[in-house]
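S.K.: My questions are about this predicted structure, shown below with the sequence.
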Number of protein chains: 2
Amino acid sequence: MTEPLTERLAAIVGAGHVSTDSDVLTGRSVDYTGRYRGHAAALVRPATADEVAEVLRVCRDAGVRVTVQGGRTSLVAGTVPEHDDVLLSTERLREIGEVDVTERRIHVGAGVTLADVQRAATAAGLVFGVDLAARDSATVGGMASTNAGGLRTVCYGNMSEQVLGLDVVLPDGAVMHRHSRVRSDNTGYDLASLFVGAEGTLGVITGLDLRLHPVPRHRVTAVCGFADLDALIATGRVFRDTDGIAALELVDARASVLTAEHAGVNAPVEGAWQLLVELAGETDPTERLAEILADAELTGEPAVGVDTGAQQRLWQGREAIADVLGVYGPPLKFDVSLPLSTIKDFAADAEALIADHAAEAIPVLFGHVGEGNLHLNIVRCALVGEAEHALYSAMMALIARHGGNVSSEHGVGTRKREYVSMSRTDADIAAMKAVKAAFDPDGYLNPAVLFD
Amino acid sequence: MTEPLTERLAAIVGAGHVSTDSDVLTGRSVDYTGRYRGHAAALVRPATADEVAEVLRVCRDAGVRVTVQGGRTSLVAGTVPEHDDVLLSTERLREIGEVDVTERRIHVGAGVTLADVQRAATAAGLVFGVDLAARDSATVGGMASTNAGGLRTVCYGNMSEQVLGLDVVLPDGAVMHRHSRVRSDNTGYDLASLFVGAEGTLGVITGLDLRLHPVPRHRVTAVCGFADLDALIATGRVFRDTDGIAALELVDARASVLTAEHAGVNAPVEGAWQLLVELAGETDPTERLAEILADAELTGEPAVGVDTGAQQRLWQGREAIADVLGVYGPPLKFDVSLPLSTIKDFAADAEALIADHAAEAIPVLFGHVGEGNLHLNIVRCALVGEAEHALYSAMMALIARHGGNVSSEHGVGTRKREYVSMSRTDADIAAMKAVKAAFDPDGYLNPAVLFD
């Protein structure tokens, strides 16, 4: 990097918010799991949308590529720079607006964490619709960019259903404010929905209007065991179609063994497959829960939690998974969605595939049954380089063969860009490239993401 | 129109599906209300996406503009041709696929009517999430193009929340199939959400994967009267935030007078303002309804319907509005959304404004309280030309002043394109134009729609 660019960046954001320190850059050039590394030339931390715009203009003029970073919790290496990029961090875009209780919305900066949004919503007697394990680090800007889902998608949908308006700095430095005071708005293209899920390739999200929801009066949580995965799916489907479904999580026994050994959290029930289900609403859903479970082929009595303390204990096993996946080194992660009817076959085929490629590996399967969204993690996977790539590619092909999507809720990032054509047609990819070219003809923004 | 183009179109779709008959073209060049007229050169009715692609290629090569028509129920003159266009009708794209009951979806052609989708869903034990008065004519392709809302938005959202995948023919004749078997899909840009609401300016939607929902077991309907609009809004807000809210409709007394006089449907309750509310769910919501109404400032006893027959009778007043708005000639229509806190003031200001411009006119107000979405209709409005334009523009300015959106659920069409800048910033409009240019650089598709 030439000296003048660093100086020009410092002139925009202040010298204390530009860094070329190699330790800092190394720490920010690795992905969340620790498996993928890149290389950056500088870090810049603008504090306003206008500063973001200036940074983009200066970098584009200098012919330098920019990779955007929020909480850096991407599980598809979406924030790993591959081109000696400038890293643009949103961490100083931390403004939290007042909650509009009547219109049920809040305006926040892109660098605000999910946990902070959840706290602001709760303080106003409302709830934010997305929750996920990385809540203390993940920023809502990054979550919108990847259209993140998580533990409440079955109830409230993904980020795309929470985003009511956006501030976006476009690659040419224009600042777009796409807002309205009311959600119902058909005035022109829904550009907010285009930027949500664009993974930072079309512009930098700097602020968001987020939708909030009423808090349910009652809640009941249960964990139940199944010997057969299809039996779990059948019960899961009934719950998915039930009023007040608030969470519907699959956990396999291998995940439970890991959480017991490494996090001291024992599964509350027996069975090769566990289903965590939560119902919520204005009327007490306990009876409805029991009614559905009475028809289910369980391995034994379900563990039911009717008060907050018991409910938190039932969630511990599911929550602890994120903490134990890395105990044998970086796991190999797959985030896929599958038709409910193919999940059991896919799980068996995936297990055989993994055994073929990595005998020592521990496959762990969990995820969101309501959306057919599975997180398959290969723990203790020593494969690297070509061998890793061979397994990864074979798994992607297997997913496509079972009618699934190669990305369900984590996005494409840098990791999956070569597999996009398994889920998208040539005409679709061409249309995406036309949109990219319309906003970023030089391809300098998030250059390693999404497109091969 | 040159003879060769008609012949070339006939070679694609068959001579029986191309028309230059002046009666046919005149009938198709007027808007739904009868207020706005254009002029077309030919009508072409392709039967497949490939035929649509060929038609677009031939028209583009000939330098002829194309306006797309579905059921022609646009309330913003969205299908009125202004440039001697070829009218491309989707009416032969009528395929109705099998319902996938597990994944709760159906694939249909763009020319299928809403009523046909509703019937297919019902036959499979499911329900489609959008309902509106023009159900027998409105096509799902047009409804997706305008991101239509309607009577169930408070429960299921607009069309954008129902569309899982699209077939779109792009202006260059490429056919894009944006599908997946599973809803959860973050593989690249959400182009489906871009085409939904694009009002046919970016491509011609030819097919749709639509989301279906479980049918609620119980349902209760009530119509209640209020003397004060803010009292109605306050009660409406409680219902909006209640589990199982299925409909939440405002009807003013002037609408009731019209439906009584011209459709023989009398309002079931007294009051300047009526609220029709419906709650539905797996548990009987009657008690919850009574609980909320007990706190409401009603003019008298609410009319409550617990069986289907009684419920249908309670809906008659709301449903009949669409039939009586035109009894004194084409009404002047406004579809807006407003923050709940400004609706009462807006209603008063709008009434004064109308009285100023057209003393004879009858302002009628109804709409969807959950979204703050009002349909203000000026019945018996003899204003035309400049005088009509003056009132229309003044109303748009009033809406913006009260924090509202100039289009809530009807889109922009040709009618509102000069007012887009009241709800969108320059940068937002520039970004929309960049997207338009990426797909349709020659601007030959729906040339009179959306952009000024």
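M.R.: Arrived safely, thanks for sending. Numbers count the residues shown, from 1 in each chain, chains lettered A, B, ... in the order given.
S.K.: Domain-wise, how is chain A divided?
M.R.: Here the domain parsing of chain A from automatic domain parsing is A:3-89, A:96-214, A:218-324, A:332-413.
S.K.: end-to-end on the third one?
M.R.: If I follow you right, that is domain A:218-324. Its first and final residues considered, domain A:218-324 spans 31 Å by Cα to Cα, to the nearest Å.
S.K.: cool, and the longest one?
M.R.: Domain A:96-214 stretches 19 Å from its first residue to its last (Cα to Cα).
S.K.: how about that domain, does it get close to chain B?
M.R.: Yes: applying Cβ under 8 Å from any Cβ of the partner chain, one finds domain A:96-214 in contact with chain B at A:102-104, A:146-147, A:149, A:153, A:157-158, A:160-161, A:170, A:174-178, A:180-191, A:193-194, A:196-198, A:202, A:214. All C-beta spots, glycine's among them, are computed from the backbone N, C-alpha and C.
S.K.: Which residues of the stretch 201-350 of chain A lie near chain B?
M.R.: With Cβ under 8 Å from any Cβ as the criterion, the stretch 201-350 of chain A comes near chain B at residues A:202, A:214, A:216, A:237, A:241-244, A:281-283, A:288, A:337-341.
S.K.: Tell me where the stretch 1-150 of chain A has strands.
M.R.: In the stretch 1-150 of chain A, the strands defined using DSSP state E, counting those that start in this stretch lie at A:18-19, A:40-44, A:66-69, A:85-89, A:96-100, A:105-109, A:126-128.
S.K.: A:Val251 reaches A:Gln274, doesn't it?
M.R.: Yes: in this structure A:Val251 lies within contact range of A:Gln274 using Cβ atoms under 8 Å: 4.5 Å.
S.K.: Assign A:Asp349 to helix, strand or coil.
M.R.: With DSSP: H, G, I helix; E, B strand; the rest coil as the basis, A:Asp349 sits in helix.
S.K.: helix or strand for the closest residue to it other than its chain neighbours, which one?
M.R.: Excluding its sequence neighbours, the residue lying closest to A:Asp349 (Cβ to Cβ, 6 or more residues apart in numbering or on different chains) is A:Leu398, at 5.7 Å. Using DSSP states H and E, A:Leu398 falls within helix A:385-401.
S.K.: Which secondary structure elements does the helix or strand following that helix sit against?
M.R.: From helix A:385-401 onward toward the C-terminus, using DSSP H and E, the following helix or strand is helix A:420-423. When contacts are defined as 3 or more Cβ pairs under 8 Å, 6 or more residues apart in numbering or on different chains; DSSP states H and E, helix A:420-423 packs onto helix A:385-401.
S.K.: Was I right to think the residue nearest to A:Asp349 contacts A:Ile354?
M.R.: No: in this structure, A:Leu398 is not within contact of A:Ile354 by Cβ under 8 Å, at 10.2 Å.
S.K.: Report the buried members of the residues of the stretch 201-350 of chain A next to chain B.
M.R.: Neighbour-count burial (16 or more other Cβ atoms under 10 Å in any protein chain shown) is assigned, among those, to A:202, A:216, A:237, A:242-244, A:281-283, A:288, A:337-341.
S.K.: Could you tell me which of those belong to strands?
M.R.: Under the assignment DSSP state E, those contribute A:Gly281, A:Ser337 to strands.
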